[in-house]
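>>> Sequence plus predicted model, see below.
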Amino acid sequence: AQSVAQPEDQVNVAEGNPLTVKCTYSVSGNPYLFWYVQYPNRGLQFLLKYITGDNLVKGSYGFEAEFNKSQTSFHLKKPSALVSDSALYFCAVRDSSPGNNRKLIWGLGTSLAVNP
Amino acid sequence: GAGVSQSPSNKVTEKGKDVELRCDPISGHTALYWYRQRLGQGLEFLIYFQGNSAPDKSGLPSDRFSAERTGESVSTLTIQRTQQEDSAVYLCASSSFVRNTEAFFGQGTRLTVV
């Protein structure tokens, strides 16, 4: 069965420090992986995705994510956190295999707090 | 349209009443999702439509919840005999037929049952 795990409910980091938000997945075929951010009282915004090619994917607002097939992970990273990065972050996966199951599977979210 | 549109943006209803929430997906998007999000929580999957395939209703929490979609257009989520625990933000998202494209979310409908 397909699944996504975000093992940390909350991540706290000081402004200016690097941040990592973890995501691991399980799919039967090759994955398509996505990260979204949700600011308070807002809808979800797409940050970045991994489809194929380079394992390091760069996205919006200086975020990047590294696809690691052997560890089935797709951790979100940023070299220097900003207070404005404080938000809820969601990881999602879709199986790339042919067939009818195109549904996106979501993690439960990680709340990131960047302290000034 | 330019993005996913949901209406109403806010809905306050009395316990026991029925409510209908509407989602207008991006034109041409064959996939449509409904999610429920309680305050500060993650996304709770409700239902998934993909083209003309039978919808995946596995997330609907009870038979009070139902959703319809005609073709690749508007979807409505109906909650009958609302209960206070139904209070949440209901999010709709759509995506294209191509598997490697991201989903786009509406701003949600905040439902409050009093």
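Structure received.

>>> quick one: contacts for whichever residue of chain B sits closest to chain A?
Scanning chain B for proximity to chain A using C-beta to the nearest C-beta identifies B:Gly42 as nearest, at 3.7 Å. No exception for glycine: its C-beta is placed from N, CA and C like everyone else's. Taking C-beta atoms under 8 Å, 6 or more residues apart in numbering or on different chains as the contact definition, B:Gly42 lies against A:Phe90, A:Trp106, A:Gly107, A:Leu108, A:Gly109.

>>> tell me the pLDDT at it?
Per-residue confidence at B:Gly42 stands at 86 (pLDDT).

>>> Which secondary structure state does A:Ser84 sit in?
Using DSSP: H, G, I helix; E, B strand; the rest coil, the structure places A:Ser84 in helix.

>>> Now for it, how many residues are close by?
A:Ser84 is surrounded by 10 other residues when neighbours are defined as other C-beta atoms under 10 Å in any protein chain shown.

>>> any idea how far it is from A:Val114?
Taking C-beta to C-beta, to the nearest Å as the criterion, A:Ser84 is separated from A:Val114 by 8 Å.

>>> What of A:Val83?
Distance, A:Val83 to A:Val114, using C-beta to C-beta: 5 Å.

>>> ok, now A:Gln10?
On the measure of C-beta to C-beta, A:Gln10 and A:Val114 end up 12 Å apart.

>>> Could you do B:Ala2 as well?
For B:Ala2, the distance to A:Val114 (C-beta to C-beta) stands at 31 Å.

>>> And these two? Which one has more around it.
More neighbours sit around A:Val114 than around the other of B:Ala2 and A:Val114, counting by other C-beta under 10 Å; the figures are 20 against 7.
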